[in-house]
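In: Pasting a predicted model and its sequence here:
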Amino acid sequence: IVPMSFEEARQLLEAVRGTRDEALYALALATGLRRGEILGLTWRDVALDTEPPTLRVRQALQRVDSGQTVLVEPKSKTSRRTIVLPAALAAQLRAHRTRQRREQLALGVGWSEDGFVFTTTKGTPLDGSEVTRKYHRVLAAAGLPRRRFHDLRHACASFMLAQGASPREVMDQLGHSGIAITMDTYAHLLPELRRESAARMNDALFGADAGHERRAEPGGLE
């Protein structure tokens, strides 16, 4: 797993700013939802006018052997979860909802009434494979390395850990079935995070300059 850096994530979001996909990528990076969970979201799962704003994961959109897309139960019991949304993401989703309503009014009776958050211009659910193909085109246009759509989920986890979230918090956010999965998946990030944690502890308890050997002044004595 080689997740995006903060700089790369901002570069991706800048590349899709003002497009129909802006909120989709922002949601993937900020919440860590699986692709199917994102595409299975309906507006009744999203509470943008509460404090704090939240969304509820209760289903996923999945392609079956017949080629059709169907709504399925979440991957595990812990995949059913409620996520608190960052304020900026909630604002993006409100703007997305307004844009979608304009599209609905423009199309009229041809609009699908299924209520999905992310749709085609006819209101029908997005195809997961096409979402991924478009994502790869966006990465290429933005000059970013090719990655799986699923790596946006890993990026969210790495951002949370880098900001001091516990593995338990990451587990709850991503809907892992157990803490062992979280620890095994992101074990490679932990040594660096432990060093950062020790540095913060040093600064908090002893001061930023404590523990560092004093250097001799040029031409003088220590």
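Out: That came in fine, so what should we check first? Numbering: from 1, shown residues only.
In: Where in the chain is the helix or strand with the lowest mean pLDDT?
Out: Per-element confidence for the chain was summarised using mean pLDDT, DSSP states H and E. The lowest value among helices and strands belongs to helix 190-206, with a mean of 71.
In: where does the chain dip in pLDDT?
Out: Regions of the chain meeting the criterion pLDDT under 70 cover residues 66, 190-194, 196-197, 200-201, 212-222.
In: the longest helix in it is where?
Out: Using DSSP state H to define each element, the chain has its longest helix at helix 87-107.
In: which residues make contact with whichever helix or strand comes after that helix from outside it?
Out: Beyond helix 87-107 in the direction of the C-terminus, DSSP states H and E gives the next helix or strand as helix 128-142. By C-beta atoms under 8 Å, 6 or more residues apart in numbering, the surrounding residues in contact with helix 128-142 are 11-12, 14-16, 21, 24-25, 35-36, 39, 61-63, 69, 145-149. For the C-beta atoms, the positions are set from N, CA and C on the backbone; glycine is no exception.
In: So which of the residues you listed are in strands?
Out: 61, 62, 63, 69 (DSSP state E).
In: For PyMOL, write a command that selects the buried ones of those residues.
Out: The command below creates a PyMOL selection of those among the ones in strands among the contacts of helix 128-142 that count as buried (16 or more other C-beta atoms under 10 Å):
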select buried, resi 61+62+69
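In: Spatially central residue in the chain, please.
Out: residue 29 (2.4 Å; C-alpha atoms, centre = their mean).
In: That residue touches residue 149, doesn't it?
Out: No. Here residue 29 lies out of contact with residue 149, judged by C-beta atoms under 8 Å, at a distance of 11.2 Å.
In: And the nearest residue to residue 90 once chain neighbours are set aside, how far from residue 89?
Out: Beyond its immediate neighbours in the sequence, the residue positioned closest to residue 90 (C-beta to C-beta, 6 or more residues apart in numbering) is residue 53, lying 3.9 Å away. According to C-beta to C-beta, to the nearest Å, residue 53 stands 8 Å off from residue 89.
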